[in-house]
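Novice: Coordinates only, no sequence provided:
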């Protein structure tokens, strides 16, 4: 059992909320969440306070002798695994967009402004989604994510994985759509708007799917 699990177990044993623990120790509720999900480790001073609150010894709380407790600074975050592949997909997507314009310029094809704008808009959207989700995971602040409720308690690790999946899925399918945009010059002018419409629609359908799938796959709300 990890230290985070012990803290949560003792808190539940006494029927205390994360907000109450935060109030007693003098920290934020987010800090308690990070303790319980093993993203950070309490400093020695806070470990002693927690042991007093739970009315147990420090050895019982940490599962080791006091001298064996590693005094990791409070703000020294245990970095989660590198979840994000979205950044690479965004880079490839950008390269594909440049190739798309280059192809039109070299071969003098009648690439429509509409298709260029749609391709660019998909690229920008994937960049924005990646930036928001990657920033949320790095900072631990998910308030910018749609549907986030500050009153709820979240499993930060599961939340991070969910954000990473949505970001990677969005970036991958944006790259996929941009690659197919390269084939637009092969179609005649009558069919090009149809192909553009199908690619844009497919992107939004997959985005909705990946969001729904991520919400079902990861249980991000903690149950006290």
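Specialist: Done, it's in. Remember, predicted model here, so these are calculated numbers, not experimental data. Numbers count the residues shown, from 1 in each chain.

Novice: Quick one, grab the pLDDT at residue 76.
Specialist: As predicted, residue 76 sits at a pLDDT of 42.

Novice: again with the one 4 residues further on
Specialist: At residue 80, the pLDDT value in this model is 44.

Novice: chain center to stretch 6-24: distance?
Specialist: Here stretch 6-24 is found 26 Å from its chain centre; the criterion is C-alpha atoms, centre = their mean, to the nearest Å.

Novice: Identify each buried residue in that stretch, please.
Specialist: By 16 or more other C-beta atoms under 10 Å, the buried positions in stretch 6-24 come out as 6, 7, 8, 10, 11, 16, 18, 21, 22. All C-beta spots, glycine's among them, are computed from the backbone N, C-alpha and C.

Novice: and the last one, that one's in a helix?
Specialist: Yes: Residue 22 forms part of a helix when assessed by DSSP: H, G, I helix; E, B strand; the rest coil.

Novice: Surely it touches residue 29?
Specialist: Yes: using C-beta atoms under 8 Å, residue 22 is in contact with residue 29, at 4.6 Å.

Novice: how about the helices in this protein?
Specialist: Here the chain has its helices, by DSSP state H, at 3-14, 18-25, 29-36, 44-54, 58-62, 86-107, 113-139, 156-181, 192-217.

Novice: mean pLDDT for those: which is lowest?
Specialist: helix 86-107 (a mean of 72).

Novice: care to break the chain down by domain?
Specialist: As given by automatic domain parsing, the domain ranges for the chain are 3-68, 86-217.

Novice: Now the buried residues of stretch 6-24 in JSON lines, please, with extra columns for distance to residue 141.
Specialist: Formatted as JSON lines, those follow (distance: C-beta to C-beta, whole Å):
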{"residue": "6", "distance to residue 141": "26"}
{"residue": "7", "distance to residue 141": "22"}
{"residue": "8", "distance to residue 141": "21"}
{"residue": "10", "distance to residue 141": "27"}
{"residue": "11", "distance to residue 141": "23"}
{"residue": "16", "distance to residue 141": "24"}
{"residue": "18", "distance to residue 141": "16"}
{"residue": "21", "distance to residue 141": "20"}
{"residue": "22", "distance to residue 141": "16"}
